[in-house]
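Undergrad: no FASTA, just this:
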């Protein structure tokens, strides 16, 4: 059976999602807890989107393929349904900075990575002394100058759509930098914090943090609203673009189509990936 696992984590003490020898990662920690709870030697999960070191998540999604009998046996004497018992057991093993929110049997055709149609991130900024709150300093970037959100939204509009984001990505050999940016907008929440909402079909390495850094230069008046579009058109890393700190960034949600379209979406996404790799 395939399990869908929804989880959340504080990324401060993790070296990103992806398992790496000798480093504390979200994937490594989650897989170890699942292996213990299921009483198997090891497991391997597939994730919707690998987050960088220091990046947080509220709505991360992963899947795991496991024998149904193993799941049933792992419940032991619990009176809870097997998957609810599994989620409870895993949460009891995990450290406090990583939580499993739910474990359910995935519908046919579901793939946490390839079935996803979009990922939504939020970047939070306190741009005045009055907004600086030491209680949330691990999740909000403190910025010393007031930001002009109208200018930032004007600049953001030119970046939305199917684009080559090579100017905003740390490129990897064989990986494409073409993405469809669905939304990029700036608002203030009820407390006055600046919140940048970024939604795309997928993101390349450092893309969101580089976009935010570029738009902060516009927001504080150092660059005109047309500058980010000029950077984008250059299609190579611009030394003037600052990659902002990871701690202000949170993966909020992953979007999937209706159940009957999951397999078709996964097929399309996988075909694109294979074409790129070729």
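TA: Okay, I see it. Predicted, not measured: the structure shown is a model, and the values here were computed from it.
Undergrad: excluding chain neighbours, what is closest to residue 146?
TA: residue 127 (5.4 Å; Cβ to Cβ, 6 or more residues apart in numbering). In this view, the C-beta of every residue, glycine as well, is placed from N, C-alpha and C.
Undergrad: phi and psi next, for that neighbour.
TA: phi -110, psi 30 (degrees, to the nearest 10).
Undergrad: that one against residue 152, yeah?
TA: No: using Cβ atoms under 8 Å, residue 127 is not in contact with residue 152, being 10.9 Å away.
Undergrad: what's the overlap in contacts for the two?
TA: The overlap between the contact sets of residue 127 and residue 152 (Cβ atoms under 8 Å, 6 or more residues apart in numbering) consists of residue 219.
Undergrad: ok so, going back, what about the residue nearest to residue 146, how many neighbours?
TA: Applying other Cβ atoms under 10 Å, we find 23 residues neighbouring residue 127.
Undergrad: now swap in residue 146 and tell me
TA: Using other Cβ under 10 Å, residue 146 has 12 other residues around it.
Undergrad: with residue 145 instead?
TA: The local packing of residue 145 (other Cβ under 10 Å) involves 12 other residues.
Undergrad: from residue 168, how far off is it?
TA: 22 Å (Cβ to Cβ, to the nearest Å).
Undergrad: ok, residue 184 next?
TA: 11 Å.
Undergrad: anything in contact with each of these two?
TA: Common neighbours of residue 184 and residue 168 (Cβ under 8 Å, 6+ apart) are residue 211.
Undergrad: these two: who's more crowded?
TA: Taking other Cβ under 10 Å, residue 184 and residue 168 do not tie; residue 168 has more neighbours (30 against 23).
Undergrad: what about that one, distance to residue 235?
TA: Separation of residue 168 from residue 235 (Cβ to Cβ) stands at 10 Å.
Undergrad: for residue 178, same thing?
TA: 10 Å.
Undergrad: which residues are common contacts for the two?
TA: Both residue 178 and residue 235 are in contact with residue 164, where contact means Cβ under 8 Å, 6+ apart.
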